[in-house]
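Enquirer: Structure for this input, please:
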Amino acid sequence: MGPKGKKRAAPAPAQRPAKKQKVQSGKPSKPDPQKTTSQNKKSKGKEKAFERKYIAIPSATTGDDAGDSEVSGEDEGLLQEFGKAVNFLSSLDHNGLARSKKETERLRQLNKPIRKPRVDDLPSVDSHGSESGSDSWNSEIDESDDEPPSDDVSIVTEENSAGGPPSPDELDSDAEMPYERAPRKRKVSSEIETHRHIPGLPIKLSDGRIQATGKMTVASVRSDDEDEDSEEYVQPQPPPIEASNASNVEDVATGARFGRPAVVDVVGNRSRKARLQGAKDQIASISQEIIADPENSLGLLRRLHTFSLEKITTPSHPEPITNDLVIRKLAILSQLAVFKDIIPGYRIRALTDKEKAEKVSQMVARTREWEQGLVLVYQSFLRSLEAELKAKSELADVALKCMCTLASEVTHFNFRVNLMTCIVARLSKKTWDQSSDICLNTLIRIFRDDLSGVPSLEVVQLLNRMIKERHYNVHPEVLTCLLHLRLKNELGVRASDSKVDKEDKTNQHSKGKAAARRAKGKSTNQPHLSKKAKKALKEKKEIEQEVREAEAEISKEERARTHTETLKLLFVLYFQILRNPRPTSLLPAALTGISKFAHLVNIDFFKDLMQVLKNLITRESDEDDSDDRESHTQHRLLCIVTAFELLSGQGEALNIDLGDFVNHLYSIILPASLLPRIDDTPETEFISGIRITKPPTIADMLFRALTVVFSPRTSGNTTMPWRSAAFTKRLLIASLNWSPSVGLRALDFVESLIIKDPKLEALLSTEDRSVDGVYLPEVDDPQLSHPFGTSFFELLQLQQRHYDSRIREAARRLSSYIRT
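Expert: Model (predicted):
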């Protein structure tokens, strides 16, 4: 229960008869003076509130109602905390708050300021007695003159009216008026200079110094008359466009849009400096806006492409205007940079009729419109580049560089095959120049960056077709790019023609067998699925396939299938070059490629391939002449290395005799000792931008072939001593003629053979011994040469008479070799 002070008392019953007395009908009675006086006082107290001077503010209740005004503990805490903030209530004007509306209005009228009347010398309006008074109102201004007074007169009049009565001088007609005393405006003299020079901004050098450019910009100074004329001049409005002239309206690509002048106006400027500067500014601003917002800049893309055209025509200018060569070059390079930046990371395909008829959201429709527009502008750009390339114009090199850049950096986008076709066609010529280097480096970059294998397959198809059409009369450097192919071994994929990862077929049964096993109650890895479950599984697989396509995920099976097709085309090209009846310059590149990818060749082709290599060696031996002896020696060494590389991998399972290749290698050593440039790097016209690798010399190929022949992988642990002795003897004979670098390599190889076979130590001694047969150095068969019938006396000659100290030291160390 609450406190007693908060109880409200019931109304007194004595007030009810007072209300009833108001309703009672009055009877005529004698007037009572005392009662009348009290009634007047009562009626006077009932006057309206707004008629009173002050309306009393209700005071706080007392007595029993005082409990309602008691302050709670929470309010007391607030008053103690914020007591100072309510001190303004004590200084309030209670009379001002209680003042009525009537009293407020009375006080306002009482304190209203009174304006003083203007004192003048004019006669009263009611005075009509004298003539002089009537003459004083004559203003001496003709009534027909309705021209308004000038601005100066009005200003002076206002000043006089505000300042007080006019002076007697001002009333005098002969006195000068203030507007007459004001100086008049003077016109700008024509002798004053009408131009001003504005200095250009300084530039900051690379070392941090600030340097003034010294350039001055001339700006015209406009006079006041010119400003007034310009303000009064109204630009005539163009006539409305009729339906017949609607076709003459310039579009966004050529007209004056986006606050820029029309393309025709920029290109058609007579001043070449102004023309170039205007084109540069507009091309730069357009490119910046396109990169900032590509999806809303299709019009700017077309406008940028217009600057690269040779001749520009518009509906308003039907006559073609020849474009400047520098502007076209700048526009082409700017388009290249823009397309590299805005091209999406996926391929855009054409919409089907069903997709066009579908109702899509506004965002999807806008994206589709931008994609299709981007493809169209990109196609126009590529067509212009191809036209410049075919016409062999001055911009052909720039166009070729742009196509190579797009082919290598946006390989995933549309028109990839068209770019590759132009690049491969450029490589079909017999000569070699800088553009050929650019094209070949582009193909190498495509091969090295390819993850799916599809672009590599397309390039190999184009190269295969081009080489066949040219009847193998192309530059040999063209085939060197095929050595950079990323095939199965480099991607870590199993080299299989059918599948990459074979499924585990253990406990795998067909549907019929699985059903029979389930009927017998036996276990199976294929559970029984209802029709509903099969349908759900099929839908799940379709969804997973769509997700993989959306994520551009490359499956191993698809990649292996693509690489298999690439390998087929590659080996078909190589085998056709090998079987060509006429010798071709592509033979070294084909042999190098076969030796690199020998482990991927099908084992069924090994025997036929070995026979082709034997025929090539024989043909090169028959055609060996002094004019081209180095190239023939190089071809024969390549054939030998390729044969041993083929049998070092999958060919180990085959029983193929390589004795003929060993005999050919034995016969090459002596002629190679007479080659003057055996250790010189062959000259190549191709400048690689990927990796700088020197092509192998004849000495490199010779010792590589010797290493392959005598390696444990090919010869096994049972190396025949007579073969090692024959090769050692012939290498020592050839080292007498070789240069010091090749001679050192020969002595090191001989030392490795002596260490490997202990029977060769007997040939280091010059003492007499009994042997079978006589050594025949001119025989090219190592078994029939009888190498144990001689000794290594060449070491003594090298030790005593060679001019190089390194050779003498190596020969001395080898002749005194003792097995430990």
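Enquirer: Could you list every helix and strand in contact with whichever helix in the chain runs longest?
Expert: The single longest helix within the chain, with elements called by DSSP state H, is helix 362-391. In terms of contacts (3 or more CB pairs under 8 Å, 6 or more residues apart in numbering; DSSP states H and E), helix 362-391 is packed against helix 298-306, helix 325-342, helix 396-409, helix 416-426. C-betas here are computed from N, CA, C, even on glycine.
Enquirer: For the longest one, C-alpha coordinates in PDB please.
Expert: Coordinates of the C-alpha atoms in helix 325-342 are reproduced here as PDB (Å, rounded to 0.1, in the frame of the first residue of the first chain):
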ATOM      1  CA  LEU A 325      50.400   7.200 -89.200                       C
ATOM      2  CA  VAL A 326      51.600   8.200 -85.700                       C
ATOM      3  CA  ILE A 327      48.000   8.500 -84.400                       C
ATOM      4  CA  ARG A 328      47.200   5.100 -85.800                       C
ATOM      5  CA  LYS A 329      50.200   3.600 -84.100                       C
ATOM      6  CA  LEU A 330      49.300   5.100 -80.800                       C
ATOM      7  CA  ALA A 331      45.700   4.000 -81.100                       C
ATOM      8  CA  ILE A 332      46.700   0.400 -81.900                       C
ATOM      9  CA  LEU A 333      49.100   0.200 -78.900                       C
ATOM     10  CA  SER A 334      46.500   1.800 -76.700                       C
ATOM     11  CA  GLN A 335      43.900  -0.800 -77.700                       C
ATOM     12  CA  LEU A 336      46.400  -3.600 -77.000                       C
ATOM     13  CA  ALA A 337      47.000  -2.300 -73.400                       C
ATOM     14  CA  VAL A 338      43.200  -1.800 -72.900                       C
ATOM     15  CA  PHE A 339      42.200  -5.300 -74.100                       C
ATOM     16  CA  LYS A 340      44.900  -6.900 -72.000                       C
ATOM     17  CA  ASP A 341      43.400  -5.200 -69.000                       C
ATOM     18  CA  ILE A 342      39.700  -5.700 -69.600                       C
END
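Enquirer: in the longest helix of the chain, what's buried?
Expert: 370-371, 373-375, 377-378, 380-382, 384-386, 388-389 (16 or more other CB atoms under 10 Å).
Enquirer: coming back round to it: possible to save the helices and strands packed on helix 362-391 as a markdown table with mean pLDDT and mean neighbour count?
Expert: As requested, the helices and strands packed on helix 362-391 are arranged in a markdown table below (pLDDT from 0 to 100; neighbours: other CB atoms under 10 Å):
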| stretch | mean pLDDT | mean neighbour count |
| --- | --- | --- |
| helix 298-306 | 90 | 21 |
| helix 325-342 | 93 | 18 |
| helix 396-409 | 93 | 20 |
| helix 416-426 | 93 | 19 |
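Enquirer: Quick one: the strands in this structure, in order.
Expert: 195-199, 203-204, 210-211, 216-220, 311-312, 321-322 (DSSP state E).
Enquirer: Kindly report which one of those carries the lowest mean pLDDT.
Expert: Least confidently modelled of the strands of the chain is strand 216-220, at a mean of 61 by mean pLDDT.
Enquirer: and the closest residue to residue 732 other than its chain neighbours, what pLDDT?
Expert: Of all residues not flanking residue 732 in the chain, residue 794 sits nearest, at 4.0 Å (CB to CB, 6 or more residues apart in numbering). The score at residue 794 is 87. That number is its pLDDT.
Enquirer: who's in contact with the residue lying closest to residue 779 once chain neighbours are set aside?
Expert: Leaving aside its chain neighbours, residue 779 sits nearest to residue 785 (4.6 Å; criterion: CB to CB, 6+ apart). The contact partners of residue 785, by CB atoms under 8 Å, 6 or more residues apart in numbering, come to 726, 729, 775, 776, 777, 779.
Enquirer: ok, now residue 388?
Expert: Applying CB under 8 Å, 6+ apart to residue 388 gives the contacts 395, 396, 398, 399.
Enquirer: What count of nearby residues applies to the closest residue in space to residue 723 that isn't next to it in sequence?
Expert: What sits nearest to residue 723 in space, not counting adjacent residues and going by CB to CB, 6+ apart, is residue 782, at 5.2 Å. Residues lying near residue 782 (other CB atoms under 10 Å) number 23.
Enquirer: Let me know the distance separating residue 720 from residue 641.
Expert: 21 Å (CB to CB, to the nearest Å).
Enquirer: From the neighbour counts alone, determine which of the two ranks first.
Expert: residue 641 (25 against 13).
Enquirer: now the more buried one, nearest residue through space, not along the chain?
Expert: Here the residue nearest residue 641, using CB to CB, 6+ apart, is residue 705, at 5.2 Å.
Enquirer: so how many other residues sit close to residue 428?
Expert: 15.
Enquirer: ok, the spatially closest residue to it that is not a sequence neighbour to residue 731 distance?
Expert: In space, and not counting its chain neighbours, residue 428 is closest to residue 466: 5.2 Å by CB to CB, 6+ apart. For residue 466, the distance to residue 731 (CB to CB) stands at 43 Å.
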